[in-house]
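Visitor: Need a 3D model of the sequence below.
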Amino acid sequence: MASTNNNNALFSTMVRSGRTTYFVDVREAKNGNKFLAISESRLDSDNKKQRATVRVFGDSVHELRKAIDEATASLG
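Guide: Residues are numbered from 1 along each chain as shown. Purely as a prediction, here's the structure:
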């Protein structure tokens, strides 16, 4: 895992996993609210870059973290 300062991100880190790279960023919306952006960037079978992003606002960040912690614990 590496920590970077990506464009306008307040915090950014990335995790590489084979042909996929995950980015976890804290950003600030135009209205001043901070949010978590989780992005997946990967190469498809034609070596074309595909990217998808999920944005999580407000108290939902803590709920999402709890769900991820619970899911991770079930991995063994």
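Visitor: which residues in the chain form strands?
Guide: Using DSSP state E, the strands assigned to the chain run over residues 2-4, 11-17, 20-28, 34-43, 49-57.
Visitor: hmm, which helix or strand of this structure has the shakiest average pLDDT?
Guide: strand 2-4 (a mean of 47; mean pLDDT, DSSP states H and E).
Visitor: who's the residue nearest to residue 19 when sequence neighbours are not counted bridged to?
Guide: Leaving out its chain neighbours, the residue that sits closest to residue 19 by CB to CB, 6 or more residues apart in numbering is residue 43, at 4.6 Å. For glycine as for every other residue, the C-beta is placed from the backbone atoms N, C-alpha and C. Here residue 43 shows beta-bridge partners residue 49, assigned using DSSP bridges.
Visitor: Show the model's pLDDT score for the spatially closest residue to residue 28 that is not a sequence neighbour.
Guide: Residue nearest to residue 28 in three dimensions, not counting chain neighbours: residue 34, with 5.4 Å by CB to CB, 6+ apart. With respect to pLDDT, residue 34 has a value of 94.
Visitor: Quick check, residue 34 in contact with residue 25.
Guide: No. With contact defined as CB atoms under 8 Å, residue 34 does not reach residue 25; the gap is 10.4 Å.
Visitor: Comparing these two, which residue is more hemmed in?
Guide: When residue 34 is set against residue 25 and neighbours are counted by other CB atoms under 10 Å, the residue ahead is residue 25, at 22 against 13.
Visitor: give the contact list for the more buried one.
Guide: For residue 25, the contact set (CB atoms under 8 Å, 6 or more residues apart in numbering) comprises 6, 9, 10, 11, 12, 13, 36, 37, 38, 39.
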